[in-house]
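>>> Got a predicted structure plus its sequence, pasted below:
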Amino acid sequence: MATYSLKETKQPPKSQTKAVLWLKDNLFSSVTNASLTFIALYIIYLLLPPILNWTIFDANFDLTADNDSCGREGACWSFINANFKMFIYGFYPQEELWRVNTMFGIIAALVALGSLLKSSQYRAHFIIGSFLIYPVVAFVLLYGGLGLEIVETDKWGGLTLTVVVAAVGIIASFPLGILFALGRQSEMRVVKFISVVYIEFVRGVPLITILFMASVVLPLFFSAGMDFDKLLRALIGITLFQTAYIAEVIRGGLQAIPKGQYEAADAAGLSFMQKTMLVILPQALKISIPNIVGSFIALFKDTTLLLIIGLFDMLAIVGAATSNSNWLGRDTEGYVFVAMVIWVILYSMSRYSKRLEVRFSTEHK
Amino acid sequence: MSELTNKEIGEKGCCDIIEIKGLNKWYGDFHALKDIDLNVKEGEIIVVCGPSGSGKSTLIRCVNFLEKFQEGSILVDGTELTDDVKKIRQVRSEVSMVFQHFNLFPHLSIIDNLTLAPIWVHHETKQEAREKALKLLDRVGIKDQAEKYPNQLSGGQQQRVAIARSLCTSPKIMLFDEPTSALDPEMISEVLDVMIELAKEGITMLCVTHEMGFAKKVADRVIFMDEGQVIEQNTPEKFFENPESERLQLFLDQILTQ
Ligand SMILES: Nc1ncnc2c1ncn2[C@@H]1O[C@H](COP(=O)(O)OP(=O)(O)OP(=O)(O)O)[C@@H](O)[C@H]1O
Ligand SMILES: [Mg+2]
């Protein structure tokens, strides 16, 4: 028998990590790449100076300045300072603002706690528990009752309103979306038919139409004279809308589950409910996380449409603040500020979902 | 088709635990199973073989009603399989299945894969189920992997986990659908060894496989299927040495020269 010696294992060749090489690889690897790099640089050269001038170099950072002393060359950031509370809380009464702050504080605490929990089983309990209990707490805090003074919803506005609408839309549409996704897969013809019609109808209609319908049509179903809360109508509209999208996203996840998983669950004698809740849905939801978050982000952006049906979300506050004669003509500052706030929130959401994804994939691969 | 006396198949058990009569199954217009009659005695080890597409999987999947059939009857341990969900679950709680592609639940750890059915279907406590699961994992030689997830294991290990999972519910009958054919050659024997151990313990096994060594070693009866029919069945000795039909002869030549 022929003998042979085993080769020694060696280190891989040192990778060259010098900055020049990085530039060469990433920005100038080919003629096309190089020219695109130059075009991009030129566009940045054109855009950046005016933006920097307006926001920083020509801007007035004196937070006590009024509209006239501010000057017109650059941004007047005292506008934001003067109207900050309105941007965040809308027209919520001054002395009750602690309630809104508490609500935000609890969200932050829950998110922090949730990411600290190590055991995936406790984490699931924690998340489900939070989703069941927190909305009630938040509602009592914001609206009142249990000894707290009632604050009518037409006083709600700004970032608070945006967060409330997005959160309600997200929390309510999630279980509904799961139901419709399962309904669409169902072997029961009627259930399937209703699910398909609902999903396809809603997805074929823009949100703005649904919001109008919710604010105009919904009251028709209720006895005349009964005052139907404007915010509630919007919430129903948004939830109906979001449900259809979540249902489709989750259906995509369901379809990715191999047939063998259903068979193994069936063969083990699990009931339909057990199979769905213990085997199929956990996997389908996990696959769907990026798309679910994407859909939530889209919803968050869409909340800016609320101003069209007369609710004062953050975008509408810009209009309200600049119609005050003290701050005429400061719309740009307002819109830039709102854009920044929304961007920060959405970007954090998308980072958070990335982290979830990574965590799930390391747990299970 | 040859009729076998009790003596020939080795005097196992007294009673038929599976009774299949006049079974016919169609996929659309395609006639997948034709007039199958098959009785399996308690503790009997049956190996089913035959060319691809001959209906082997379809047959054993009818036994736990993963496939519906249009004609004929199947009795499993006295329970007749009908559309009645209760009866189906009753049968499935006594019959376990091991699949070609393992079909472990990837989102659950190995131990959770094993305890799922005992806890939810057989209403055992977590503690009981866990202890039994660890014993079974020990038996198939992978106790130390209990907290890992399925995709962290090799194919052979996964299939052994799948076997342990199907044993967790103390089934009376085990169905195997080509349990080794998705495995790399060097892992086949580790799975077959576990199956041989099982066969010796007197559990009823209905096993689709082309591992003829396994059939010769433990089978009480080998069944040859082709085009949806049972062509021939016999004790392993006669099956391999004196095949009666030309088709079986041909089939054996093919797989033995591979
Ligand atoms: N879901 C299905 N729909 C339609 N035809 C099917 C379906 N499942 C199986 N068949 C057909 O039924 C026949 C028997 O299939 P079966 O899977 O039982 O064969 P098999 O003997 O297990 O083959 P293999 O060795 O390839 O697993 C095949 O011709 C197959 O094409
Ligand atoms: Mg098969």
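Happy to help now that I have it. Note that the coordinates shown come from a computational prediction; the quantities given were computed from them, not determined experimentally. Residues are numbered from 1 along each chain as shown, chains lettered A, B, ... in the order given. Ligands and ions are numbered 1, 2, ... in the order given.
>>> quick one: residue B:231 is in a strand?
Yes: using DSSP: H, G, I helix; E, B strand; the rest coil, the assignment for residue B:231 is a strand.
>>> Please tell me how far the closest residue in space to it that isn't next to it in sequence sits from ligand 1.
Nearest non-adjacent residue to residue B:231, counting by Cβ to Cβ, 6 or more residues apart in numbering or on different chains: residue B:224, 4.9 Å away. Every residue, glycine included, has its C-beta placed from N, CA and C. Going from residue B:224 to ligand 1 by Cβ to the nearest ligand atom, to the nearest Å gives 11 Å.
>>> And the spatially most central residue of chain B, which helix or strand is it part of?
The centroid of chain B falls nearest to residue B:175 when counting by Cα atoms, centre = their mean (2.0 Å). Assessed by DSSP states H and E, residue B:175 sits inside strand B:173-177.
>>> Quick one: distance of that strand to the chain centre.
Computed by Cα atoms, centre = their mean, to the nearest Å, the chain-centroid distance of strand B:173-177 equals 2 Å.
>>> again, but for stretch A:128-140
Per Cα atoms, centre = their mean, the centroid offset for stretch A:128-140 relative to its chain is 18 Å.
>>> So what touches that stretch?
With contacts defined as Cβ atoms under 8 Å, 6 or more residues apart in numbering or on different chains, stretch A:128-140 is touched by A:103, A:106-107, A:110, A:114, A:146, A:148, A:164, A:167-168, A:171, A:174.
>>> pLDDT of that stretch, averaged?
Mean pLDDT, stretch A:128-140: 88.
>>> then that stretch to CSV, C-alphas only?
Below are the C-alpha coordinates for stretch A:128-140, written out as CSV (Å, rounded to 0.1, in the frame of the first residue of the first chain):
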residue,chain,number,x,y,z
ILE,A,128,-46.3,38.5,24.5
GLY,A,129,-47.1,39.8,28.0
SER,A,130,-45.9,43.2,27.1
PHE,A,131,-48.0,43.3,23.9
LEU,A,132,-51.1,42.3,25.9
ILE,A,133,-50.7,44.6,29.0
TYR,A,134,-48.8,47.6,27.7
PRO,A,135,-51.6,48.9,25.4
VAL,A,136,-54.0,49.1,28.3
VAL,A,137,-51.5,51.0,30.5
ALA,A,138,-50.7,53.3,27.6
PHE,A,139,-54.3,54.0,27.0
VAL,A,140,-55.1,54.9,30.6
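>>> can you list the domains in chain A?
For chain A, the structural domains run A:78-91+A:154-359, A:93-150, going by automatic domain parsing.
>>> could I get these as CSV with mean neighbour count?
Listed next are those as CSV, based on neighbours: other Cβ atoms under 10 Å in any protein chain shown:
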stretch, mean neighbour count
domain A:78-91+A:154-359, 18
domain A:93-150, 13
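>>> Dump the ones you listed to JSON lines, plus distance to ligand 1.
Shown next, in JSON lines, are those (distance: least, Cβ to the nearest ligand atom, whole Å):
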{"stretch": "domain A:78-91+A:154-359", "distance to ligand 1": "9"}
{"stretch": "domain A:93-150", "distance to ligand 1": "35"}
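>>> Now for residue A:241: which residues touch it?
Per Cβ under 8 Å, 6+ apart, neighbours of residue A:241: A:169, A:202, A:207, A:210.
>>> and with 10 Å instead?
A:169, A:173, A:202-203, A:205-211, A:214, A:299, A:302 (Cβ atoms under 10 Å, 6 or more residues apart in numbering or on different chains).
>>> With residue A:49 instead?
Contacts of residue A:49 by Cβ under 10 Å, 6+ apart are residue A:57.
>>> what are the phi and psi angles of it?
Dihedral pair for residue A:49: phi -60, psi -50, per degrees, to the nearest 10.
>>> Can you tell me how far it is from ligand 1?
For residue A:49 relative to ligand 1 (Cβ to the nearest ligand atom), the value is 66 Å.
>>> what do you get for residue B:55?
Using Cβ to the nearest ligand atom, one obtains 4 Å as the distance from residue B:55 to ligand 1.
>>> thinking that residue is in contact with residue B:35, fair?
No: Residue B:55 lies out of contact with residue B:35 (Cβ atoms under 10 Å); the separation is 11.7 Å.
>>> of the two, who's got more company?
A count of neighbours by other Cβ atoms under 10 Å in any protein chain shown puts residue B:55 above the other of residue B:55 and residue B:35, at 23 against 13.
>>> Am I right that residue A:114 is in contact with residue A:123?
Yes: the criterion here is Cβ under 10 Å, and residue A:114 meets it with residue A:123 at 6.6 Å.
>>> Dump the domains of chain A to CSV, plus distance to residue B:212.
Below are those laid out as CSV (distance: least, Cβ to Cβ, whole Å):
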stretch, distance to residue B:212
domain A:78-91+A:154-359, 26
domain A:93-150, 44
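>>> Now for residue B:55 and residue B:35: what residues contact both?
Shared contacts of residue B:55 and residue B:35 (Cβ under 10 Å, 6+ apart): B:228-230.
>>> If any of those residues are buried, put those into a PyMOL selection.
Here is the PyMOL command that selects the buried residues among the shared contacts of residue B:55 and residue B:35 (16 or more other Cβ atoms under 10 Å in any protein chain shown):
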select buried, chain B and resi 228+229+230
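>>> Columns distance to residue B:216 and pLDDT on top of the shared contacts of residue B:55 and residue B:35, output as CSV?
As requested, the shared contacts of residue B:55 and residue B:35 are exported to CSV (distance: Cβ to Cβ, whole Å; pLDDT from 0 to 100):
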residue, distance to residue B:216, pLDDT
B:228, 26, 94
B:229, 24, 94
B:230, 20, 95
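>>> Which one of the shared contacts of residue B:55 and residue B:35 is nearest to ligand 1?
Using Cβ to the nearest ligand atom, residue B:228 is the member of those that sits closest to ligand 1, with 6.9 Å.
>>> measure the closest one to residue B:36 for me?
According to Cβ to Cβ, to the nearest Å, residue B:228 stands 8 Å off from residue B:36.
>>> Common neighbours of those two, please.
B:23-25, B:55, B:58-59.
>>> Restricted to strands, list the residues you listed.
B:23-25 (DSSP state E).
>>> Drop anything exposed from those.
B:23, B:25.
>>> quick check, nearest of the ones in strands among the shared contacts of residue B:228 and residue B:36 to ligand 1?
Distance to ligand 1, by Cβ to the nearest ligand atom, is smallest for residue B:25 among these, at 8.5 Å.
>>> Alright, that wraps it up for me.
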